[in-house]
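J.: Next come a sequence and a model predicted from it.
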Amino acid sequence: MDSEDDVMQALAAHDEAVNRYGRTIWVGAEPTYTDRGSETPQWLFNALGDDKLQRGQRMLQRIAKANPGAAVLHCVGRQYSGEPCPRWSLGLYSRRDGHPVWTGPPDVLLLDNKTDGKTPEATAEMAAAALSSVLNSNGLTAATLADALSNRVVFRTDGQTPVTDVAAQPLLNRPSLHGEQVEGAEVTDLLAEDGTYLVVCSDSQDALRVELPRVRDVGEFERLLSAVATASRQVGVRAILLSGFPPPVDAAVAWTTITPDPAVIEVNMAPVGSATDLLGRLRELAAAADDEGLATYRLQYNGVESDSGGGGHITFGGVEPSASPFLNEPSLLPSLVRYFNRHPSLSYLHAVDSVGSDSQAPRVDETLSQALPELSLALELLSRVKNPLPETIWGTLAPFLSDPSGNSHRAEINIEKLANPYLGSRGRLGLVEFRALRMAADPETLASLAALFRAIVAMLAEYPTNEPLIDWGESLHQRFSLPYYLQRDLKEVLADLENHELGLAAPLIERVLCDRHRVLKSCVLGDSRLELRRALEFWPLVGDVATQERGGSRLIDSSTSRIEVRLRSANTESLGEWTVSVGNWVIPLQDEADDEGSMRLAGLRYRSFVPLGGLHPTLGAQSPLTLTLTHPADGTWQITLHEWHPLGEPYPGLPSTIAEARQRRENRCVVTPLDEPPTELTPPPVEAEGQCVVDLRWQ
């Protein structure tokens, strides 16, 4: 594989190609990191628990030290169903022009000596009084509250005198946001909506804690930060903890957050204007995660390579909503929906292990049987509207870009932050997020995928498409479950980009086509070569799905597995003489070819284990799976694929390296020569034989 420097050069060429089109397409990513050696609930399925907060804090500490002048903000996070309080959210707020936004005492996370945060004289009441004075000197109208609430500052920016009587305005005595449940789409500040801003100072973690109000304007927010910094210095504060509402964001600032999610720590990166910048930021994050012992992947005992568990979403838009290409080019999003429909590789090739209609990012044509014709009509009607408003585009496509339950967050093309009137300010950011992506193993691969999707966006912005939607029918979950057909389809996309002068350089192509994590076995059989790969399986939800929607995770039946069998030979005629059988079924093989030459391939579906709860309770496990390959000249071979150690022995522990994991996968596939070929073989029954995949569960 090419070097990291080669990838950076290839990304620079991609940036130049996009710039030649005159397109400004900003890109953001949501990398997720896990403790791949831990089997505690917080690193397997829970969002909160144990040391996740502390490790997130140390990640932010490393990033903040590399970005002096940025403000560290401990904001209230998202509220999820079934959780008593909002999740924590750590953020880094900075100006894109390099000017500092914070000149006050260091955040508590940046203290070298955590026990010496502030001098004894620097009380919360003193800080509040100083802040009130500074705000007034800056032309605002501010005051502290009386008596027991003297640590609270209330101010206005319109020249009016703020209300300080708690009896007249009870919200002045509101509790901390960080201990309260959030109602609705986002945390609200009713005081700020009326033009009254409340700042609460308190003692916390050997530092001064300042809970900030909701401020909608970036200039006003920076003005408030400056006042807090000045007041803190005046009273001798040695360390500070800025908390409260999330800050405003526009084209002038960059806002990166670190938050918890099931099994992972998630980073919502500030968007950048180039793929090269994206790679630089991803490398910075990867270094911070690595220092914390966190990784982008997991290695299972039996050698299976999984992603972190949180996915690796990529988002596109503008530096601010008004600059979003999806809002400035009304035909772009409809073209993107059409293009994804026609190229399933964009949905599946780099997907997480669980795909299909019940996944976290289903395709439109996986949701409802009537979705495709209705979507075709919706796209046609939208094309007849001259210069449709963003709300019209969103309202037309949002019902289709969702999962079967109507959840618009769960969609491979997520537009809930495009022009959504129901999600508060978060819903009107002009953003489109691609969610059908596993977390890439390294920054270079994630940046390569971002360049792929960014090039597609640039191409469709310049050359809109009205090509009709394809009803793939059975082939969507048959043909496109196999890695070979997904790679072939993606090569068509790459050729399309090349034809439009947006082609990717070889180092990027190598990464977006790479599927080494799927390889189970590669071995020589006579003059031929056998390759076995994990294929995609479409796992269903089971149990009381409605109840599961209220929880943090959902129960799926993952007991069905699928593999792809490839046979290659330099002798094409000899290749056609191979017979593959499972039991007494002879498996039909497809004749195909790729850059390496001719091949014959097939897909096999089987039950790898019996789940505690799932579909088909009377169906037993079909593992180990045994294949017999026969050739007149190359002999007969038995291939036994075990789900675990071939001898049933326990593994000494999780694989320590990817190389060790791949060796364990190889060892699970045992190749044995046989003296005689099988006899009395029959074709599979019609109900078991799909277009490209034989379902052995019927056997």
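T.: Structure's in. What do you need?

J.: Give me the next element, helix or strand, following the lowest-mean-pLDDT helix or strand in the chain.
T.: The weakest-scoring helix or strand in the chain, judged by mean pLDDT, DSSP states H and E, is helix 545-548 (a mean of 54). Following helix 545-548 in sequence order, the next helix or strand is strand 560-569 (DSSP states H and E).

J.: avg pLDDT for that following strand?
T.: Mean per-residue pLDDT for strand 560-569: 96.

J.: which residues touch the closest residue to S561 other than its chain neighbours?
T.: If the residues on either side of it in the chain are set aside, S561 comes closest to S608, at 4.2 Å by C-beta to C-beta, 6 or more residues apart in numbering. Backbone N, C-alpha and C define where each C-beta goes, glycine included. Contacts for S608 (C-beta atoms under 8 Å, 6 or more residues apart in numbering) come out as S559, T560, S561, A621, Q622, S623, L625, E643.

J.: what two of the residues you listed are the furthest from one another?
T.: Using C-beta to C-beta, the pair of those lying farthest apart is S559 and L625, separated by 13.2 Å.

J.: how about low-confidence regions in the stretch 101-250 of the chain?
T.: 113-121, 184-185 (pLDDT under 70).

J.: Helices of that one, start to end?
T.: 124-137, 190-193, 218-234 (DSSP state H, counting those that start in this stretch).

J.: Turn the ones you listed into CSV, columns for distance to R156 and mean neighbour count.
T.: Converted to CSV, those look like this (distance: least, C-beta to C-beta, whole Å; neighbours: other C-beta atoms under 10 Å):
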stretch, distance to R156, mean neighbour count
helix 124-137, 10, 21
helix 190-193, 10, 14
helix 218-234, 11, 20
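
J.: can those go into JSON lines with extra columns for distance to E577?
T.: Formatted as JSON lines, these follow (distance: least, C-beta to C-beta, whole Å):
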{"stretch": "helix 124-137", "distance to E577": "84"}
{"stretch": "helix 190-193", "distance to E577": "76"}
{"stretch": "helix 218-234", "distance to E577": "70"}
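
J.: out of the ones you listed, which comes closest to P31?
T.: helix 218-234 (25.5 Å).

J.: can you give me how far that closest one is from the chain middle?
T.: Helix 218-234 has its C-alpha centroid displaced from the chain centroid by 34 Å (C-alpha atoms, centre = their mean, to the nearest Å).

J.: Which strands and helices lie in contact with that helix?
T.: Contacts defined by 3 or more C-beta pairs under 8 Å, 6 or more residues apart in numbering; DSSP states H and E place helix 218-234 against helix 124-137, strand 197-204, strand 207-212, strand 240-244.

J.: which residues sit against the last one?
T.: Which is strand 240-244. Residues contacting strand 240-244 (C-beta under 8 Å, 6+ apart): 71-76, 104-108, 177-178, 200, 204-205, 207-213, 225, 228, 232.

J.: now the angle between helix 124-137 and it, please.
T.: 70 degrees (axes from the mean of the first three to the mean of the last three C-alpha atoms, to 10 degrees).

J.: just how off-centre is strand 240-244 within its chain?
T.: 28 Å.

J.: now do the third one
T.: Averaging C-alpha positions (C-alpha atoms, centre = their mean) puts strand 207-212 32 Å from its chain's average.

J.: What lies in contact with it?
T.: So strand 207-212 is contacted by 73, 105, 108, 111, 117-118, 122, 124, 127, 176-178, 199-203, 224, 228, 232, 237-245, 247 (C-beta under 8 Å, 6+ apart).

J.: What strands flank it, and is each parallel or antiparallel?
T.: strand 197-204 (antiparallel), strand 240-244 (parallel) (DSSP bridges).

J.: how many degrees apart are that strand and helix 218-234 in direction?
T.: Using the same axes, to 10 degrees: strand 207-212 against helix 218-234 is 160 degrees.

J.: For strand 207-212, output the C-alpha coordinates as PDB.
T.: Presented in PDB, the C-alpha positions along strand 207-212 are these (Å, rounded to 0.1, in the frame of the first residue of the first chain):
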ATOM      1  CA  ALA A 207     -11.700  25.800  39.600                       C
ATOM      2  CA  LEU A 208     -14.200  28.500  38.900                       C
ATOM      3  CA  ARG A 209     -17.200  27.000  37.100                       C
ATOM      4  CA  VAL A 210     -19.000  29.400  34.800                       C
ATOM      5  CA  GLU A 211     -22.300  28.300  33.300                       C
ATOM      6  CA  LEU A 212     -22.900  30.200  30.100                       C
END
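
J.: Could I get the buried residue list for it?
T.: Neighbour-count burial for strand 207-212, counted by 16 or more other C-beta atoms under 10 Å, picks out A207, L208, R209, V210, E211, L212.

J.: Just list what the longest helix anywhere in the chain packs against, helices and strands only.
T.: Counting residues, the longest helix in the chain under DSSP state H turns out to be helix 443-462. Counting contacts by 3+ C-beta pairs under 8 Å, 6+ apart, helix 443-462 is packed against helix 4-20, strand 26-30, helix 275-291, strand 313-317, helix 332-342, helix 483-499, helix 506-513.

J.: tell me the angle that helix makes with helix 275-291.
T.: Using the same axes, to 10 degrees: helix 443-462 against helix 275-291 is 150 degrees.

J.: just how off-centre is helix 443-462 within its chain?
T.: 15 Å.

J.: Likewise for stretch 479-490?
T.: 22 Å.

J.: Check stretch 502-522 too.
T.: With C-alpha atoms, centre = their mean, you get 19 Å for stretch 502-522.

J.: Span of that stretch from start to end?
T.: 34 Å (C-alpha to C-alpha, to the nearest Å).

J.: And stretch 427-435, by the same measure?
T.: Stretch 427-435: ends 17 Å apart by C-alpha to C-alpha.
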